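K.L.:
I would like to see how this sequence folds:
(one chain, ligands or ions: 1)
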Amino acid sequence: MPSACQVLDGRTLATQVRSEVAARVARRCAAGASVPGLAVVLVGEDPASQVYVRHKIAACEQVGMRSLSHRLSAGVSETELLMLIEQLNADPAVHGILVQLPLPAHIDVRRVIGRIAPGKDVDGFHPENLGRLAAGVPGLRPCTPKGCMRLLASAGVDPCGKLAVVVGASTIVGRPMALELLKAEATVLVAHKQTCDLPQLVRQADILVVATGVPGLIRGDWIKPGAVVLDVGITRLADGRLTGDVQFETASARASWITPVPGGVGPMTIACLLENTLEAAEASA
Ligand SMILES: Nc1nc(=O)c2c([nH]1)NC[C@@H]1CN(c3ccc(C(=O)N[C@@H](CCC(=O)O)C(=O)O)cc3)C=[N+]21
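P.N.:
This is a model prediction of the structure:
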């Protein structure tokens with residue numbers, strides 16, 4: 001890797017964000033306000049989801065917040081899940097609600113997310129929060145795109161006037177990422193499964209954000225020299241290693257900044273979840 005390319009270290013930045021959150025939580029509690037509480041709802045026994053949920057709960061405790069985990073069997077009815085959401089909506093000790101995705105196929109994800117009180121939707125997936133982001137007004141913002149914007153800022157990269165290409169148009173990452181970049185006055189292109197000539201688009205990107213879940217999709221020789229590359233993809237290979245959507249070795253020979261996988265965007269997602277939970281608590285009282 002030429003010395004010109006720098007690794008954007010998400011672990012170090014996430015540690016900084018988490019200690020800022022911890023300090024704000026301590027100040028809030030010292031002033032007599034309630035301990036921020038995050039309710040994490042996990043449906044089914046998917047081992048990867050269980051690991052993520054454990055990470056989130058440990059992260060809460062580390063910054064002095066309360067976490068409440070609700071585990072439901074894979075066969076739980078949508079009605080029962082909606083009843084739990086209503087109960088959490090009404091609980092004043094719960095400031096944030098996170099329903100771990102994916103949900104079993106018999107449950108309508110949109111109905112479940114739409115039932116979460118927007119003020120407690122710390123994932124920022126509720127249509128009201130996505131609408132606020134689209135309108136450029138304050139609200140709870142999806143954690144991964146928010147973490148990506150923090151990573152850009154930490155590298156001193158201002159998106160204003162740059163050409164940003166977002167690969168992947170999911171509701172949870174690609175779309176809100178495009179909205180964040182647009183708010184920051186980048187020129188934004190969104191590529192997806194039907195996009196013709198992906199390499200030709202990627203080659204123009206000053207800022208490239210990839211969130212497809214297709215390991216190694218983006219070749220290093222597609223990267224514009226000097227581009228900033230944020231790799232959101234995270235796939236566990238058969239040998240147990242984690243890998244991103246961007247071919248790191250060759251991409252880092254051309255990029256000016258690049259996030260590694262692991263240790264890039266992932267830790268920032270969790271840090272921003274904690275920050276959102278604190279924001280939700282601060283807005284509630
Ligand atoms: N309602 C909901 N909200 C989510 O935010 C959500 C979700 N459902 N379902 C699953 C995905 C996935 N996700 C990750 C968060 C952090 C890491 C992370 O910290 N990764 C570490 C590595 C972790 C490891 O070693 O496995 C890293 O990239 O360095 C990864 C993945 C949040 N998700």
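K.L.:
contacts and neighbour counts: CA atoms only from here.
P.N.:
Will do.
K.L.:
what are the buried residues along the host helix or strand of Ala153?
P.N.:
Using DSSP states H and E, Ala153 sits in helix 143-154. Under the neighbour-count criterion of 16 or more other Cα atoms under 10 Å, helix 143-154 has 143-152 buried.
K.L.:
same question for stretch 151-165.
P.N.:
Counting neighbours by 16+ other Cα under 10 Å, one finds that the buried residues in stretch 151-165 are 151-152, 158-159, 162-165.
K.L.:
show me where the chain has strands.
P.N.:
Along the chain, counting by DSSP state E, strands occupy 6-7, 37-43, 66-72, 96-99, 163-167, 187-191, 207-210, 228-231, 235-236, 242-243, 257-258.
K.L.:
pLDDT averaged over stretch 156-171 - what is it?
P.N.:
The pLDDT scores in stretch 156-171 average 98.
K.L.:
and that stretch, does that touch the ligand?
P.N.:
No: Stretch 156-171 stays clear of the ligand (Cα under 6 Å from any ligand atom), getting no nearer than 11.5 Å.
K.L.:
quick one: low-confidence residue ranges for the stretch 51-200 of the chain.
P.N.:
Across the stretch 51-200 of the chain, nothing is flagged by pLDDT under 70.
K.L.:
turn the buried residues of stretch 151-165 into TSV, including distance to Gly233.
P.N.:
Shown next, in TSV, are these (distance: Cα to Cα, whole Å):
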residue	distance to Gly233
Leu151	15
Leu152	17
Asp158	23
Pro159	21
Lys162	22
Leu163	21
Ala164	17
Val165	15
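K.L.:
for the closest residue to the ligand within the stretch 101-250 of the chain, which residues are in contact?
P.N.:
Closest contact between the stretch 101-250 of the chain and the ligand, by Cα to the nearest ligand atom, is at Leu101 (3.9 Å). With contacts defined as Cα atoms under 8 Å, 6 or more residues apart in numbering, Leu101 is in contact with Ser49.
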